[in-house]
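Novice: coords below, sequence missing:
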């Protein structure tokens, strides 16, 4: 009977040792996964920030080109208006004067 109890005790001790070992491995695995997750999050954040910065620069370049185009278009329209004024302002003044004296 003592041998049976001793064998059961040995089995229980082995089972406890296996469970303790499994718990330690589980803790180590959880820590490793936490570290991997943190590293992944950091890498993802770095990559995302790089992409955002590249997009921001690209959009800024496009915006500057568009602003320059609008500025050039505005200058062309203004020059055309000024040329038209210089060419036709005497006629406008005469028409205005005629309208004023008719009333």
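Specialist: Ah, there it is. Please read these numbers as outputs of a predicted model, since none were measured by experiment. Numbering: from 1, shown residues only.
Novice: Could you give the number of residues near residue 49?
Specialist: Using other Cβ atoms under 10 Å, residue 49 is surrounded by 10 other residues. To be clear about C-beta, it is placed using only N, CA and C from the backbone, and glycine gets the same treatment.
Novice: name the element it belongs to?
Specialist: Per DSSP states H and E, residue 49 falls inside helix 2-102.
Novice: Mind checking the pLDDT average for that helix?
Specialist: Throughout helix 2-102, pLDDT has a mean value of 94.
Novice: I'd like to know which elements that helix is packed against.
Specialist: If you count contacts as 3 or more Cβ pairs under 8 Å, 6 or more residues apart in numbering; DSSP states H and E, helix 2-102 packs onto no helix or strand.
Novice: quick one: the residue most central in space within the chain from residue 45, how far?
Specialist: Nearest residue to the geometric centre of the chain (Cα atoms, centre = their mean): residue 52, 3.7 Å. From residue 52 over to residue 45 the distance is 10 Å, taken as Cβ to Cβ, to the nearest Å.
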